[in-house]
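Visitor: Make a model of this:
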Amino acid sequence: MGQQCIGGEETKSDAEYEALKKQVERTSSGKDDTKQSTDSIDVNEVNKLRCYKQINLASLRHNITAIQKMASATNCEQIAVLKANAYGHGAVRVAHECLKQGINTFATATISEAIELRQSNQEMMASGVRIIVLGASVESEYELYAQHRIDLMLSSPEATESLIAWCKAHDNRSVDVHLMVDTGMSRIGFQLEDCLD
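Guide: Take a look at the predicted model:
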């Protein structure tokens, strides 16, 4: 399948990038057999070339398969963490590739990222696809969690009480939740003693 550029406002095909790279190499090495001067090279094109990304979807699929093999040995499921637009790789496109590979649980940092994934295509709307928001949430967002079937991460007794109160005040609406436990970083999450109460 080769490499495909995804994301970004302007993308070039692999052939266009290779042709531009060769032109820059010929000119900068002094071996320009086409007799083009540096004036004929568009500086904007060169600057774009210095900073672009190519996502090799075949490599992504290979990596997912390798992780699935390791996870199956321990009977674990996989969660594709796609925070910050899949760390710049294009969250929607990566999520669709993950779905094709059998991953149906995703995590984002914010509710807006989660909604974007949920609404990206019919497969993401399926009841078997879970999306978890790992970041902190506020009461004004709870309706969005319920409406879009997004799982909420609770990290404190106060957040839990807030969600319970909201659900009761809204005709016992339900939101699926996960509890984040502080396992030693002391940044966020329930303390062990909170879980035992």
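Visitor: Go through the host helix or strand of residue 114 and flag the buried ones.
Guide: Element membership for residue 114, per DSSP states H and E: helix 111-118. By neighbour count on 16 or more other Cβ atoms under 10 Å, the buried set for helix 111-118 is 111, 113-118. Using the backbone N, CA and C atoms, a C-beta is placed for each residue, glycine as well.
Visitor: isn't there a strand covering residue 137?
Guide: No - applying DSSP: H, G, I helix; E, B strand; the rest coil, one finds residue 137 to be coil, outside a strand.
Visitor: how close does the residue lying closest to residue 80 once chain neighbours are set aside sit to residue 131?
Guide: Sequence neighbours aside, residue 98 is the residue nearest to residue 80 in space, at 4.5 Å (criterion: Cβ to Cβ, 6 or more residues apart in numbering). Distance, residue 98 to residue 131, using Cβ to Cβ, to the nearest Å: 12 Å.
Visitor: More neighbours: which of those two?
Guide: A side-by-side neighbour count of residue 98 and residue 131, using other Cβ atoms under 10 Å, places residue 131 first with 26 against 21.
Visitor: Pull out the buried positions in stretch 88-100.
Guide: Those would be 90-99, for stretch 88-100 by 16+ other Cβ under 10 Å.
Visitor: and if you look at stretch 100-109?
Guide: Using 16+ other Cβ under 10 Å as the burial criterion, the residues of stretch 100-109 that qualify are 101, 103-109.
Visitor: And for stretch 75-89?
Guide: The neighbour-count check on stretch 75-89 (16+ other Cβ under 10 Å) flags 78-80, 82, 85-86 as buried.
Visitor: Need the nearest residue in space to the residue most central in space within the chain, chain neighbours excluded.
Guide: Residue closest to the average C-alpha location in the chain (Cα atoms, centre = their mean): residue 82, at 1.9 Å. Of all residues not flanking residue 82 in the chain, residue 91 sits nearest, at 4.3 Å (Cβ to Cβ, 6+ apart).
Visitor: ok, that neighbour touching residue 117?
Guide: Yes - Residue 91 is in contact with residue 117 according to Cβ atoms under 8 Å; the separation is 6.3 Å.
Visitor: Can you check which residues contact both of these two?
Guide: Residues touching both residue 91 and residue 117 by Cβ atoms under 8 Å, 6 or more residues apart in numbering: 82, 108.
Visitor: In stretch 134-146, which residues are buried?
Guide: 134, 136-137, 141-142, 144-146.
Visitor: Could you dump these into TSV and include distance to residue 73?
Guide: Shown next, in TSV, are the buried residues of stretch 134-146 (distance: Cβ to Cβ, whole Å):
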residue	distance to residue 73
134	26
136	34
137	34
141	38
142	38
144	37
145	34
146	37
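Visitor: list the contacts for the closest residue to residue 179 other than its chain neighbours?
Guide: Among residues not flanking residue 179 along the chain, residue 154 sits closest, at 5.5 Å (Cβ to Cβ, 6+ apart). When contacts are counted by Cβ under 8 Å, 6+ apart, residue 154 is found next to 160, 163, 177-180, 190.
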